[in-house]
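Enquirer: whatever this is, show me its structure:
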Amino acid sequence: MTDLRACLAAQGDLLLVPGQLYTDGACQSGKAVLIRKGKYHEIDDAPALVARHPDLSPVDLPDHLLMPGFIDTHTHLTQSFGKSLVFGEPSEIFRRIWVPLESSLSERMVYLSTKLSALECLRGGFTTAVDAGTRSEGCIDALAQAARETGLRSVIGLICNDLGGAAHVPDRADILKRAQRHLDGWQDDPLIHPSLAISIPEVGTDEMLREVSQMAGQAGAVFQTHVNEHLVAVERSLVDRGMRPLEHLAHINALGPHVLIAHSTLITPTELNLLRDSGTAVAYNPVASVWKGNAIAPALQMEALGIRFGLGTDGTRADGFRLMDAAESLQRAGFGLASGDSSCGGGWLWLEAATSRAADSAGLSKITGAVEVGLEADFLLVNLDRPEFTPSYDLIWELVRYGNRDQIDAVFTQGRLRLWQGWPVDWDARALLSEIRAHAGKAIEGSGIQRIHPVAAEHKKARRS
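Expert: Take a look at the predicted model:
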């Protein structure tokens, strides 16, 4: 294995001959992939491709699946310091935990928090993550630097709230200037893709919501916002604006193919039609629904209507395989059992929703999301020489049901080996963990977080008293 790692980490062209290749919607044997200058250059039958390149030494991977990396369509890269503080908490934790925490982080803490999140993403097979925007003031560069150093492809949102919900709320003109600088500033970066965001519709005026959405669309970027996630937010919108949040966005012309809506769990048939007719994409976050949500997004109904969607973690748990399992399981528990739907997507839907459909939802389908000539070589090598995949009859379903991050031997972005068996190959992750352990406690203590429930052991004592 040491020799294999060295071969995979070598600079220059890579000619890989995996036992299985996931491409064109199927797991295929007998294929080879040539990677050149960070992209998929050729894909063909292995003997033919090897014969065309006698100058290259093929890397034989008979026990591995080569598949596209997972894409997290909705996460929060600067929330990793508080990730275990939200268990058992009631909804809208952003008000009591995330806004205070992110608002208190220094530039160094933003860097460390992001780098920890990025490491977790890569360990879980995510080669791309869509960050919904940090509330830490003036720290976008630190966030981008951390993500870039790990090799994680990142869509980075700039929060453009003009009615609160952030560490600092500039005036309208300043927000729009910052937004334009953000869109312009990353045009030539190979790993960082700019995006604009308003945390939730109620923290943006109609003018700001509409203008920021249009700015993103004109720049070929994604506009992000959290919509219809919690009952209380839906009710506030009805009281304040006379419409539900998604209806409100449609009313002010802030939806469209460039828009990525996080959650959409509390959604009416009329709102589903609004998503379909506008071409708006949805980040389906199944683990977030289990951990802190009010409902399950009707992803199977979205699929039937032709609504675009991809899978997201919402910063819950960075394991792409377990995310697919949760996506299918919640559709089965929430809808399939009652209707007698035994397939609930047939396995393939969730693999697509975590890869190619996620890339489309994130505005990156021309860059990543599939093993396809011309796209960036962002991929995983999954070890199939495991009990979970033996015997194998339907590998796509097996990936959804039996896959785990510890089965990933290698993670690549831009054709470069980033992680080998869970650890970075070109930077010291354990030093990062040591620094975080030394400083995270003070960051949490000074943030003003308000938790409702005690930690598990204290909760048990309280129940017995």
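Enquirer: the residue most central in space within the chain: helix or strand, and which one exactly?
Expert: Note on the chain: the residue nearest the mean C-alpha position is Asp72, at 1.5 Å, using Cα atoms, centre = their mean. Taking DSSP states H and E as the criterion, Asp72 maps to strand 70-75.
Enquirer: what pairs with that strand, parallel or antiparallel?
Expert: Applying DSSP bridges, strand 70-75 is found paired with strand 126-131 (parallel).
Enquirer: next, the angle strand 126-131 makes with the helix or strand just after the strand it pairs with.
Expert: Remark: after strand 126-131, the chain's next helix or strand is helix 140-150, criterion DSSP H and E. Going by axes from the mean of the first three to the mean of the last three Cα atoms, to 10 degrees, helix 140-150 is angled at 170 degrees with respect to strand 126-131.
Enquirer: right, and the helix or strand after helix 140-150?
Expert: strand 153-159.
Enquirer: helices and strands around that following strand, which ones?
Expert: The contact analysis (3 or more Cβ pairs under 8 Å, 6 or more residues apart in numbering; DSSP states H and E) places strand 153-159 against strand 126-131, helix 140-150, helix 172-185, strand 192-197, strand 222-227. For glycine as for every other residue, the C-beta is placed from the backbone atoms N, C-alpha and C.
Enquirer: mind giving me the domain ranges of this structure?
Expert: 2-68+372-424, 70-361 (automatic domain parsing).
Enquirer: nearest to Ala457, of those?
Expert: Within the domains of the chain, the stretch nearest Ala457 is domain 70-361; the backing value is 12.4 Å (Cβ to Cβ).
Enquirer: the closest one: how far from the chain's middle?
Expert: 8 Å (Cα atoms, centre = their mean, to the nearest Å).
Enquirer: partners of Val130 in the sheet?
Expert: With beta bridges defined as DSSP bridges, Val130 has these partners: Val155.
Enquirer: ditto for Val33
Expert: Leu16, Ile43.
Enquirer: remind me which residues of this protein are low pLDDT?
Expert: Regions of the chain meeting the criterion pLDDT under 70 cover residues 1-2, 165-168.
Enquirer: re the thing from before, can you put the domains of the chain in TSV and add distance to Gln450?
Expert: Converted to TSV, the domains of the chain look like this (distance: least, Cβ to Cβ, whole Å):
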stretch	distance to Gln450
domain 2-68+372-424	32
domain 70-361	4
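Enquirer: deepest-packed of these, please.
Expert: domain 70-361 (a mean of 21; mean count of other Cβ atoms under 10 Å).
Enquirer: Val212 versus Leu183, what's the distance?
Expert: 10 Å (Cβ to Cβ, to the nearest Å).
Enquirer: so what sits against both of those two?
Expert: Leu196 (Cβ atoms under 8 Å, 6 or more residues apart in numbering).
Enquirer: rewinding a little: how about CSV for the helices and strands packed on strand 153-159, with distance to Leu105 added?
Expert: Formatted as CSV, the helices and strands packed on strand 153-159 follow (distance: least, Cβ to Cβ, whole Å):
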stretch, distance to Leu105
strand 126-131, 14
helix 140-150, 9
helix 172-185, 19
strand 192-197, 17
strand 222-227, 20
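Enquirer: which among these is found nearest to Met67?
Expert: Nearest to Met67, of the helices and strands packed on strand 153-159 and by Cβ to Cβ, is strand 126-131 at 10.5 Å.
Enquirer: what's the angle between that closest one and strand 222-227?
Expert: 70 degrees.
Enquirer: SS state for Thr78?
Expert: Following DSSP: H, G, I helix; E, B strand; the rest coil, Thr78 is assigned to coil.
Enquirer: so what's the closest residue to it other than its chain neighbours up against?
Expert: The shortest distance from Thr78 to any non-neighbouring residue, by Cβ to Cβ, 6 or more residues apart in numbering, is to Thr134 (4.2 Å). Counting by Cβ under 8 Å, 6+ apart, Thr134 touches His76, Leu77, Thr78, Glu102, Val110, Ile140, Leu143, Ile159.
Enquirer: likewise Glu398?
Expert: Contacts of Glu398 (Cβ under 8 Å, 6+ apart): Glu388, Phe389, Ser392.
Enquirer: quick check: phi and psi on Phe379?
Expert: Phe379 adopts backbone torsions of phi -150, psi 170, taken as degrees, to the nearest 10.
Enquirer: next SSE after whichever strand or helix holds Arg322?
Expert: Using DSSP H and E, Arg322 sits within helix 320-331. Per DSSP H and E, the first helix or strand lying C-terminal to helix 320-331 is helix 337-339.
Enquirer: what does that following helix rub up against?
Expert: Under Cβ under 8 Å, 6+ apart, the answer for helix 337-339 is an empty list.
Enquirer: likewise stretch 45-65?
Expert: Residues outside stretch 45-65 that contact it (Cβ under 8 Å, 6+ apart): 4, 7-8, 13-22, 27, 30-34, 42-44, 380-385, 395, 399, 409.
Enquirer: all the strands of the stretch 301-450 of the chain, residue numbers only.
Expert: 309-311, 379-383, 408-413, 416-420, 423-424 (DSSP state E, counting those that start in this stretch).
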